[in-house]
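K.L.:
No letters, just coordinates:
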C-alpha cells in the first residue's frame, strides 16, 4: 500500500495503548537477551581456554592377556569314531578330565592285543639277538683256534724245511765223496790196466779194479739220486708252507665271513628290536589318545562334533573350551596416522558394552562408568581391516574391571594424549590436523641420557 496520504494513521493511533501492542513493543526482553548474549560470550571465551585432553578413539573387544588363556578348540591327533561323551556344554572341567572317548577306525590298529603281541615279537627278536651273539663268540673261538693251529703247522713245516735243507747239504757232501771215490777208482783201474798190459799185474787184478769202479759209479749215481731227492724235499717243504698258509687263510676267512654275517644279522635283529619297541611305545601312546582330555581347567563352550558313532579325521575340531583362570585385556584398533602417537604404557579409558557410562572424551576425570587401562603391546604389522592392533591391560592404579566381563564383548577405548586448550583442539579439527606428537617421560629421559 502506497503511503501517499497526508493523514498519518500512526500519528493518530497509538498501538501501545492496546494489550497486544504492549506485549509486542515491550523493550525489556531485548535487555535480558543482550545480557544472556554477553554472559554466553564470556563463558565461551572462558571455555575456549579450558584444558582439553587429546585422545584417539578405538573400538575393540575383550580378550585375554596371555595366548594360552584364550578360547581354544580341542582336536584329536588321530582319526577315530565318537563312542561316549562325559561332559555337556557349560560344564566345568579340570585339567586332565576326560571329555569324550573315541575308538579306532584304521584296520591296522583294530587288534585289542596289539601292544601285547608287539611285546612278544620284541622278546623273540631279543632271543635271536642273543643267539647271534653266541654264534659270533663261537666263530671268534674258531678263528682263534685256526690261528693257533696255523702257527703250529707252519712251525712244523718250517722245521721240516730246515731238515730237508740240512739233508741236502749232507747228501751234497756224500755226493762229492762219491765223486772223489769214483775218480780214485778210475785212476786205480787205469793204473792196474796199464800194469797188466806191461805184464806186471794179473788179469784178475784188472777185473777186481773194474768191479770196484762199477760199484763206485753205482754209489755215485745212488748218491746223486739221494741229493736230488733231498732237493725235491726242500721244494716240497716250501710248497707245504705256502699250502698251509693258503689253506688256513681260507678257513680263517670263511670263519671271519661267517662271524661278520652273524654280527650283521645281530645288528639287523637289534634294529628290528628297536623298531618294534618304538612301535609298541607308539601303540601305547595311541591307546591313551582314545580318551580326549582337557588341556587346562575351563568351561565347555560348544561341542563342535556331536552324536555317537560319528567319525572324524585327525586334527578336526571336536569341542571348544574357555579357560577359567584368565587375565582380561582389550584388543582395539587405531588408524595408521595415530600409530606414532601411541607408546607402551599409554593410559587408556575404556567403556565396556553393557556397562552404563557417561563419557567426556576431552575430560576423562569427569567421565563416569569408564575404566582405566594401559597399552602393553603394539602390533608392528597392519591388520586386515587396515588398522593397527593394540593390546590393553588393566591399570592397577585405577578401579578394577568388572568381574562379570566376558571374553568377546565389545569395548570402546580412548587413548589419552596431550592436554591442550579447547580453542586449539577446535582449530586442529577444523584444519584436519592430527593430535600433537609428544614423547612420554620415559622416552624423554632416554633421549636426555643419550645426549
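P.N.:
That came through fine. Remember, it's a predicted structure, so these values are computed and weren't measured experimentally.

K.L.:
From here on, just use CA atoms for contacts and neighbour counts.
P.N.:
Noted.

K.L.:
Quick check: phi and psi at the closest residue in space to residue 83 that isn't next to it in sequence.
P.N.:
Counting by C-alpha to C-alpha, 6 or more residues apart in numbering, the nearest residue to residue 83 once its immediate chain neighbours are dropped is residue 102, at 5.1 Å. Here is the backbone geometry of residue 102 (degrees, to the nearest 10): phi -120, psi 160.

K.L.:
cool, and the one 10 residues further on?
P.N.:
Note on residue 112: its backbone torsions stand at phi -70, psi -20 [degrees, to the nearest 10].

K.L.:
Next: residue 331.
P.N.:
Per degrees, to the nearest 10, the backbone of residue 331 is at phi -100, psi 120.

K.L.:
now the one 10 residues further on
P.N.:
Here is the backbone geometry of residue 341 (degrees, to the nearest 10): phi -90, psi -10.

K.L.:
just checking, residue 71 touches residue 326?
P.N.:
No - assessed by C-alpha atoms under 8 Å, residue 71 is found out of contact with residue 326, at 10.1 Å.

K.L.:
can you map out the helices along this protein?
P.N.:
Assigned by DSSP state H, the chain shows helices spanning 9-12, 19-24, 28-48, 114-198, 203-288, 422-431, 441-450.

K.L.:
for the record, mean pLDDT for the last one?
P.N.:
Spelled out, it's helix 441-450. The average pLDDT for helix 441-450 rounds to 43.

K.L.:
got it, and the first one?
P.N.:
Predicted confidence along helix 9-12 averages 64 (mean pLDDT).

K.L.:
What separation is there between residue 258 and residue 385?
P.N.:
Relative to residue 385, residue 258 is positioned 74 Å away (C-alpha to C-alpha, to the nearest Å).

K.L.:
And residue 305, by the same measure?
P.N.:
With distances taken as C-alpha to C-alpha, residue 305 is found 31 Å from residue 385.

K.L.:
And for residue 280?
P.N.:
From residue 280 to residue 385 the distance is 50 Å (C-alpha to C-alpha).

K.L.:
between those two, who's got more neighbours?
P.N.:
Applying other C-alpha atoms under 10 Å to residue 280 and residue 385 shows that residue 280 carries more neighbours, namely 19 against 9.

K.L.:
and the more buried one, what does it touch?
P.N.:
By C-alpha atoms under 8 Å, 6 or more residues apart in numbering, residue 280 lies in contact with 115, 118-119.

K.L.:
give me that answer again for 6 Å
P.N.:
The contact partners of residue 280, taken as C-alpha atoms under 6 Å, 6 or more residues apart in numbering, are residue 115.

K.L.:
Let me know the pLDDT of it.
P.N.:
The predicted local confidence for residue 280 is 92.

K.L.:
Residue 58 is nearest to which of the helices of the chain?
P.N.:
Judged by C-alpha to C-alpha, the one of those that comes nearest to residue 58 is helix 422-431, at 17.3 Å.

K.L.:
Excluding chain neighbours, what is closest to the most centrally placed residue in the chain?
P.N.:
Geometric centre of the chain, nearest residue: residue 77, 17.2 Å, by C-alpha atoms, centre = their mean. Leaving aside its chain neighbours, residue 77 sits nearest to residue 314 (5.0 Å; criterion: C-alpha to C-alpha, 6+ apart).

K.L.:
My guess is that neighbour contacts residue 78. True?
P.N.:
Yes - Residue 314 lies in contact with residue 78 (C-alpha atoms under 6 Å); the separation is 4.4 Å.

K.L.:
Residue ranges in the chain under the pLDDT threshold?
P.N.:
1-17, 21-30, 357-369, 432-451 (pLDDT under 70).

K.L.:
distance from the centroid: which residue in it tops it?
P.N.:
residue 199 (124.6 Å).

K.L.:
What separation do you get for that one and residue 190?
P.N.:
14 Å.

K.L.:
likewise residue 114?
P.N.:
In this view, residue 114 and residue 190 are 110 Å apart by C-alpha to C-alpha.

K.L.:
and what of residue 427?
P.N.:
Residue 427 is 162 Å from residue 190, by C-alpha to C-alpha.

K.L.:
And for residue 376?
P.N.:
For residue 376 relative to residue 190 (C-alpha to C-alpha), the value is 138 Å.

K.L.:
Parallel or antiparallel, which strands does the lengthiest strand in the chain pair with?
P.N.:
Longest strand in the chain by number of residues, with DSSP state E as the criterion: strand 51-64. Paired neighbours of strand 51-64 in the sheet (DSSP bridges): strand 328-334 (antiparallel), strand 410-421 (antiparallel).

K.L.:
ok, back up a step: got a list of what the residue nearest to residue 83 touches?
P.N.:
Contacts of residue 102 (C-alpha under 6 Å, 6+ apart): 80-83, 290.
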